[in-house]
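Enquirer: here you go, sequence then predicted model.
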Amino acid sequence: NAGVTQTPKFRVLKTGQSMTLLCAQDMNHEYMYWYRQDPGMGLRLIHYSVGEGTTAKGEVPDGYNVSRLKKQNFLLGLESAAPSQTSVYFCASRGEQDRYEQYFGPGTRLTVT
Amino acid sequence: DAKTTQPPSMDCAEGRAANLPCNHSTISGNEYVYWYRQIHSQGPQYIIHGLKNNETNEMASLIITEDRKSSTLILPHATLRDTAVYYCIALIQGAQKLVFGQGTRLTINP
């Protein structure tokens, strides 16, 4: 049981490039989330999903797209990366029965130059 | 979601109890108090939550005042591995968005 995994762990992009971050969970959780964390700050919600095939905007969705084609995977896409998107990205998941606990992945450190 | 206020940093000696305060004076009746922590460079980890009664689990105890305007997270025997940023969050159970403020940076000293 690996929990929540994120791919890749580190990435450097040039401005304007695109990339996709992958989050996978093996706990059969319904809910999945993408957060970003800037230096010295708390996490902010980008997008989330309440089930396979659904997505919704969070607090800071601009510049990102997401897809949840399979229940276990939640993808975060950057179509045209900007330096302001330099951050650490965390994925989390929660089961229907876990009304209070989100399980977080180890994070992806992204630098956009 | 109610706003929470925490001290930016605290120190505690190893083996002693660490008491982390949190103010949430605007909390509503159906909002729970949650605590998460984030050890350096890792994803946040759930610790405990409560509504109005005091709660205890294997990690910590949560003391909520009778008027629910503040609470204290207690780590009974702090170890060096408890050094982390601790976040106090007030929100409705099952809400989608965890709102992480600045948290308290707790340093456990040997």
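Expert: In hand now; what should we look at?

Enquirer: so B:Tyr86 touches B:Gly101, yeah?
Expert: No: here B:Tyr86 does not reach B:Gly101: they are 10.8 Å apart, not a contact under C-beta atoms under 8 Å. For the C-beta atoms, the positions are set from N, CA and C on the backbone; glycine is no exception.

Enquirer: can you pull out the strands in the chain?
Expert: Just going to use chain A. A:4-7, A:10-13, A:19-25, A:31-37, A:43-49, A:56-57, A:65-67, A:73-78, A:87-94, A:103-104, A:108-112 (DSSP state E).

Enquirer: that's the wrong chain, I meant chain B
Expert: Using DSSP E, strands in chain B cover B:9-13, B:18-23, B:31-38, B:45-50, B:55-56, B:61-64, B:70-75, B:84-92, B:104-109.

Enquirer: tell me which parts of chain A are close to chain B?
Expert: A:4, A:31, A:33, A:40-45, A:48, A:50, A:56, A:58-59, A:88, A:90, A:92, A:99-107 (C-beta under 8 Å from any C-beta of the partner chain).

Enquirer: if we can go back for a sec, do you know which of the strands of chain B lies nearest chain A?
Expert: Nearest of the strands of chain B to chain A, taken as C-beta to the nearest C-beta: strand B:45-50 at 4.2 Å.

Enquirer: so who does B:Ile27 touch?
Expert: Shown in contact with B:Ile27 (C-beta atoms under 8 Å, 6 or more residues apart in numbering or on different chains): B:2, B:33, B:68-69, B:90.

Enquirer: what about chain A, any weak spots by pLDDT?
Expert: A:1 (pLDDT under 70).

Enquirer: right, I mislabeled it, should have said chain B
Expert: For chain B, the ranges with pLDDT under 70 are B:1.

Enquirer: near chain A, which residues of it? Just list them.
Expert: B:32, B:34, B:41-46, B:49, B:87, B:93-94, B:96-103.

Enquirer: buried among the residues you listed? Make that a ChimeraX selection.
Expert: Buried members of the residues of chain B next to chain A, identified by 16 or more other C-beta atoms under 10 Å in any protein chain shown, are gathered into one ChimeraX selection as follows:
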select /B:32,34,43,44,45,46,49,87,96,98,99,100,101,103
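
Enquirer: restricted to helices, list the residues of chain B next to chain A.
Expert: The members of the residues of chain B next to chain A all map outside helices under DSSP state H.

Enquirer: contacting residues around A:His29?
Expert: So A:His29 contacts A:93-95, A:98, A:103 (C-beta under 8 Å, 6+ apart).

Enquirer: chain neighbours aside, what residue packs nearest to it?
Expert: Closest residue in space to A:His29, ignoring its immediate chain neighbours: A:Ser93 at 3.9 Å, by C-beta to C-beta, 6 or more residues apart in numbering or on different chains.
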